[in-house]
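Colleague: All I have is the shape, not the residue letters:
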């Protein structure tokens, strides 16, 4: 299908665009006289783009930047529209279809708003949501709820969500202290595996240790992904400060022994957070 000059001219002259224009632009880009790159794309070829745009939107939220958020959320929407166009061309579903489905889901999962169910607190809302979700997805066992956790999530988020789902079925530690005891136990088992020098066992025990840390975080009401990212950012800042201190003394960081670098690191730790 070739796009008419009238349509192209109309799209060029808009003073303000709507979601309908976005859908039409994507159709044009994928049309016979559209963009060569856009016409070549598949779900898998733009999969990484979708992930990157989502992460950039999250970065905008973390930065509390309204202009950045506005731009990045638009980029996420573009990815949604792109994937919908690919399916519309195969006559599988359209953008309207996914809007219809998510609206129906919201109405069904908010019976305290659209029905006669009472939920006065966020905890009651979430309990109802999970119950309705399990029912509508025909999940009859606790294992099925764990199987439904998205496997493409980052590992820490995936682990924390698995632990949360297992806890609903009663499979959980009684307290953060009990969960932390498992961190100590897994640390000992990792040390034993390292002494044995068995790489496969070392990897397994390290995974168990990380999983125990995630569950301890959950009991402490801490998001493990956020906590690790904050620690990584702190390391980045302190590394930069350490390098600055070393350079200011006229020394080469790569040439210093670890003991001297540790001394500079300790000084960097005392610097006020920027």
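Modeller: Thanks, I have it. Just so it is clear, the model here is predicted, and its values are computed rather than measured.
Colleague: residues of the lowest-mean-pLDDT helix or strand in the chain that come out buried?
Modeller: Least confident helix or strand, the chain: helix 122-136 with a mean of 85, by mean pLDDT, DSSP states H and E. Across helix 122-136, burial judged by 16 or more other C-beta atoms under 10 Å covers 125, 128, 129, 132, 134. Placement of C-beta: from N, CA and C, glycine included.
Colleague: Nearest spatial neighbour of the fourth one, chain-adjacent residues omitted?
Modeller: If the residues on either side of it in the chain are set aside, residue 132 comes closest to residue 109, at 5.1 Å by C-beta to C-beta, 6 or more residues apart in numbering.
Colleague: returning to that earlier point: tell me which residues are up against the least confident helix or strand of the chain.
Modeller: 108, 109, 110, 111, 112, 117, 118, 119, 139, 145, 168 (C-beta atoms under 8 Å, 6 or more residues apart in numbering).
Colleague: go on, stretch 66-83?
Modeller: Applying C-beta under 8 Å, 6+ apart, the contact partners of stretch 66-83 are 19, 22-23, 26, 38, 41, 43, 46, 49-50, 53-54, 56-57, 59-61, 95, 98.
Colleague: try 10 Å
Modeller: 19, 22-23, 25-27, 29-30, 38, 41-43, 46-47, 49-63, 65, 88, 95, 98 (C-beta atoms under 10 Å, 6 or more residues apart in numbering).
Colleague: returning to what we had before: make CSV from the contacts of helix 122-136 and add pLDDT, distance to residue 6 and secondary structure to it.
Modeller: Below are the contacts of helix 122-136 laid out as CSV (pLDDT from 0 to 100; distance: C-beta to C-beta, whole Å; DSSP: H, G, I helix; E, B strand; the rest coil):
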residue, pLDDT, distance to residue 6, secondary structure
108, 92, 42, helix
109, 91, 43, coil
110, 93, 43, coil
111, 92, 48, helix
112, 92, 49, helix
117, 89, 51, coil
118, 89, 55, coil
119, 87, 52, coil
139, 83, 51, coil
145, 86, 53, helix
168, 85, 57, helix
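Colleague: picking that back up, which one of the buried residues of helix 122-136 sits closest to residue 198?
Modeller: Nearest to residue 198 among the buried residues of helix 122-136: residue 134, at 40.4 Å, using C-beta to C-beta.
Colleague: For the residue nearest to residue 219 when sequence neighbours are not counted, which residues are in contact?
Modeller: Excluding its sequence neighbours, the residue lying closest to residue 219 (C-beta to C-beta, 6+ apart) is residue 176, at 3.8 Å. Contacts for residue 176 (C-beta under 10 Å, 6+ apart) come out as 215, 216, 217, 218, 219, 220, 221, 222.
Colleague: Can you select the buried ones from those residues in ChimeraX?
Modeller: In ChimeraX, a selection of the buried entries from the contacts of residue 176 looks like this (16+ other C-beta under 10 Å):
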select :215,216,217,218,219
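Colleague: among the contacts of residue 176, which two are most distant?
Modeller: 215 and 221 (12.3 Å).
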